[in-house]
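Participant: Below is the sequence, then the predicted model.
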Amino acid sequence: MRTTTGWRAAGPATLRRTDIQRRDLRPDDIAVRVDYCGVCHSDLHALRDHDRHALLVPGHEFTGVVTATGPEVTAFSIGDHVAVGNIVDSCGTCGMCRAGQENFCHSFPTLTYGGTDRQDGSTTLGGFSREYVVRDAFAYPLPSGLDPAAAAPLLCAGVTVWEPLHSLGVGPGSRIAVAGLGGLGHLAVKMAVALGATTTVISRTQDKRDDAGRLGARDLIDSTDTQQMAAARDTFDVVIDTISAPHDLAPYLKLVAMDGTLSLLGYLGQVTVEATDLLIGRKKLSSAGSGGRPATARMLQFCADNGIAADVEVLPSAQVDTALDRLRRNDVRYRFVLDMSDLD
């Protein structure tokens, strides 16, 4: 086994620094020195539900450098800059995996933390650590030109919004609205604009208008203003809904144009929809989550080609509890990233 240092959950609100064990490299493994790891709302949810007797190390969007390779690895060499997301393995044989959609693996993908290793049954431990061992097939070359800290959130937030934008054919002439301007939403705006879409932000407050414009959006609609919402009825080909809390979908479906789609990304719990809100205008309700290996690689290259990365606030990893507390209060624009070098 390999010993490294990381941040282990010590309860629903705190983590403590501790030694953790990584597996010895298998033939197709690489060892990655984790340099930067994003802090995601999923980490908050995992900590909230954590059984303090279980071993939990969060973190599932990180960048770093290859420090060792297994004997069968040919795609990476020591010193390569890489990125790893929230999926680190899959069955590889089901229809979804064969289609390059490992995120929809029929036997469920192995998650970066809190998952079950497919070979030894151990619990996976995440990127809030100085080293991670991963199958080479689930690591991605980090394109040159991408800042490693700002690129880390692309591996979760980025690919989550890329998946519907790409699959729904967003491009020049598309009219796109992004509901919620947070970790997911700000990347959705950047990507939609780079794809050539006319992009609008929907927010509860006007104080993000300047940010929306800086990110490339043409307009901001105040979702609490009934007149603004009514004026935008049947306007958008795609509405990307990144709101993480439970909310009524009806106002957002009304904004969707005929044959358009509301893509629900932020809140993945139970929802209620009136059939007539779909019927009037032949509107569609969809969702997406993460991305397969081909989509993730394409997303990274697209971001490199278009100068897209997350707006981040970088903190030393020792301030992880501060980052989580501020994220809980939505006190970040727009993604915390932990600098793991203080674990040396």
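Facilitator: On my side now, so go ahead.
Participant: so residue 286 sits in a helix?
Facilitator: No - when DSSP: H, G, I helix; E, B strand; the rest coil is applied, residue 286 is found to be strand, with no helix at that position.
Participant: show me what contacts it?
Facilitator: Residues near residue 286 by CB atoms under 8 Å, 6 or more residues apart in numbering: 164, 168, 261, 262, 263, 264. Placement of C-beta: from N, CA and C, glycine included.
Participant: farthest-separated two in those residues?
Facilitator: By the measure CB to CB, 168 and 264 form the most distant pair in the contacts of residue 286, at 12.8 Å.
Participant: between these two, which one's more packed in?
Facilitator: More neighbours surround residue 264 than the other of residue 168 and residue 264, with 23 against 19 (other CB atoms under 10 Å).
Participant: who's in contact with the more buried one?
Facilitator: 241, 249, 271, 285, 286, 287.
Participant: Going by neighbour count, which of the residues you listed comes out on top?
Facilitator: Of all the contacts of residue 264, residue 241 has the most neighbours under the rule other CB under 10 Å, reaching 26 neighbours.
Participant: Is it correct that it is in contact with residue 266?
Facilitator: Yes - assessed by CB atoms under 8 Å, residue 241 is found in contact with residue 266 at 6.1 Å.
Participant: what about the strands in the stretch 51-200 of the chain?
Facilitator: Taking DSSP state E, counting those that start in this stretch as the test, the strands found in the stretch 51-200 of the chain are 62-69, 81-84, 87-89, 110-111, 131-135, 139-141, 175-179, 198-203.
Participant: pLDDT of the longest one, averaged?
Facilitator: So the one you mean is strand 62-69. On average, the pLDDT along strand 62-69 is 98.
Participant: so what does the longest helix along the chain touch, helix or strand wise?
Facilitator: Taking DSSP state H as the criterion, the chain has its longest helix at helix 293-306. The contact analysis (3 or more CB pairs under 8 Å, 6 or more residues apart in numbering; DSSP states H and E) places helix 293-306 against strand 139-141, helix 157-167, helix 183-194.
Participant: tell me which residues of the next helix or strand after it are tucked away?
Facilitator: Next helix or strand after helix 293-306 toward the C-terminus (DSSP states H and E): strand 312-316. Within strand 312-316, the residues that qualify as buried are 312, 313, 315, counting by 16 or more other CB atoms under 10 Å.
Participant: CA atoms of strand 312-316 as CSV?
Facilitator: What follows is strand 312-316, C-alpha atoms only, in CSV (Å, rounded to 0.1, in the frame of the first residue of the first chain):
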residue,chain,number,x,y,z
VAL,A,312,-12.1,30.2,-8.6
GLU,A,313,-11.0,31.3,-5.2
VAL,A,314,-8.0,29.2,-4.2
LEU,A,315,-7.5,28.4,-0.5
PRO,A,316,-4.8,26.3,1.2
